[in-house]
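> can you look at this prediction? I've put the sequence above it.
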Amino acid sequence: MIARRTHTFLLSAALACAALVAGCGSDHPSGPTPTQTSPSTPARETTLVMSGFVRNQVTGATLANARLDIIAGGNEGKTAFTDSGGLYRFEQLKSGAMRVRVTAVDFNPQDADVSIGGDLTMNFQLVPIAPYVYSGYVTNSLGRPVANATVEAGPYSGSTDASGRYEFSSSFRSAPGRVRPPDGYEPKPARSTDNGFTLNSGGQNITIRRITSVSISPPSTLKVGEHTSVNAQVSFDSGQTESPVADLFAMSSSDSTVLKVGSGNGQGAAFVEGVKAGTASVSGRYFGVSSGTFQVQVVP
């Protein structure tokens, strides 16, 4: 019995020692268990938004279905379209420089260089393709050419050459017409606020009136404080003589401390008014043509 127990104890001790050697023995000294480190997550890149409207440069109306392409830069390849109200929107853009191309049916394309460093609002205006040609001659009442006159058809215009000929393109088949001639001619219509005449594409000659003379009839003597109207007349190469458009006729005085004059700018017809005793000269002017000069004596 004693021999069997001793054998069992020795066997158990041997097994325990073997296990200890297997678990602890090594060719290298034991040390702390190394810590595993997960790779760091890169910083999330900020993305930007660019938006705005695309409009007709002539009318100011917004353009639906216009296309915007980023054709160069870090955002190359992105595309956006305007909605029914002309609004476009690019999202998830990178900061930096880029080139944007804007196109729309019946409009000239436009390229724009853009630098974006934050959310950006940027509007574009496209010029319509102008398929209608306006042309013709501007002459005076005697049929002689008028050079350097500006002919307008709505928002489009062109100038006459030495022969009086004008030519320009428009996106409208017809439009309100106006002629802005050089000094010595009456514009057509005279006031810029008046409705223009009908000007059609395809060729139309225009006649305007040359001013041949301007006359005024101020009093020779005027009392201090006295206010009186001055008759003014304008003659044209058409043979007509008539009163000038009141708010476009200008009066001038050589000494406004003696003689006050007025016309135009809501002042009504031409007038003179004595301020203090003395003598002053007065004259009138209509689209670059002046009247003679008249002396007016102001008496107490």
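Everything's here; your move. Numbering: from 1, shown residues only.
> what's the closest non-adjacent residue to Gln125?
The shortest distance from Gln125 to any non-neighbouring residue, by CB to CB, 6 or more residues apart in numbering, is to Gln57 (4.0 Å). C-beta: built from backbone N, CA, C; applies to glycine.
> so which bits of stretch 189-205 are buried?
189, 196, 199, 201, 204 (16 or more other CB atoms under 10 Å).
> ok, now stretch 130-137?
Residues of stretch 130-137 classed as buried: 130, 132, 134-137 (neighbour count, 16+ other CB under 10 Å).
> picking that back up, can you tell me which of the buried residues of stretch 189-205 is closest to Thr79?
Thr79 has its nearest neighbour among the buried residues of stretch 189-205 in Ser201, at 35.7 Å by CB to CB.
> so how far is Ala153 from the closest one?
Between Ser201 and Ala153 the computed distance is 8 Å (CB to CB, to the nearest Å).
> cool, Ile116 as well?
Distance of Ile116 to Ala153, given as CB to CB: 39 Å.
> ok, those two, which is more surrounded?
When neighbours are counted by other CB atoms under 10 Å, Ile116 and Ala153 differ, and Ala153 comes out ahead with 26 against 20.
> name whatever forms a beta bridge with that one.
Tyr156, Gly177 (DSSP bridges).
> and it, how far is that from Asn231?
For Ala153 relative to Asn231 (CB to CB), the value is 37 Å.
> output the below-cut-off pLDDT ranges for the stretch 201-300 of the chain.
For the stretch 201-300 of the chain, the stretches with pLDDT under 70 are 264-268.
> any chance you could map the helices in it?
For the stretch 201-300 of the chain, no helices are identified by DSSP state H, counting those that start in this stretch.
> what is the neighbour count of Trp275?
One thing to correct before we go on: residue 275 is Val, not Trp. Neighbour count of Val275, defined by other CB under 10 Å: 18.
> any figure for the gap between the residue nearest to Ala72 when sequence neighbours are not counted and Thr257?
Nearest residue to Ala72, sequence neighbours excluded (CB to CB, 6+ apart): Arg99, at 4.0 Å. Per CB to CB, Arg99 is found 63 Å from Thr257.
> between those two, which is the more surrounded one?
Comparing Arg99 with Thr257 by other CB under 10 Å, the one with more neighbours is Arg99, at 15 against 10.
> buried residues, whichever strand or helix holds that one. List them.
Using DSSP states H and E, Arg99 sits within strand 96-103. Using 16+ other CB under 10 Å as the burial criterion, the residues of strand 96-103 that qualify are 98, 100, 102.
> can you list the domains in this protein?
The chain breaks down into these domains under automatic domain parsing: 48-126, 132-207, 211-299.
> count the residues that sit near Phe172.
Count around Phe172 with other CB under 10 Å applied: 20.
> mind listing what it touches?
Listed by CB atoms under 8 Å, 6 or more residues apart in numbering, the contact partners of Phe172 are 132, 153-154, 156, 201.
> packing partners for the strand holding Arg99?
On a contact count with 3 or more CB pairs under 8 Å, 6 or more residues apart in numbering; DSSP states H and E, strand 96-103 meets strand 67-73, strand 110-116, strand 124-126.
> would you reformat these as a markdown table and include mean pLDDT and distance to Gly143?
Listed next are those as a markdown table, based on pLDDT from 0 to 100; distance: least, CB to CB, whole Å:
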| stretch | mean pLDDT | distance to Gly143 |
| --- | --- | --- |
| strand 67-73 | 97 | 51 |
| strand 110-116 | 96 | 44 |
| strand 124-126 | 96 | 41 |
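> Ala147: which of those strands is closest?
Of all these, strand 124-126 comes closest under CB to CB, at 32.4 Å.
> what mean pLDDT does whichever helix or strand comes after the closest one get?
Using DSSP H and E, the helix or strand that follows strand 124-126 in sequence is strand 132-139. Mean pLDDT, computed over strand 132-139, is 96.
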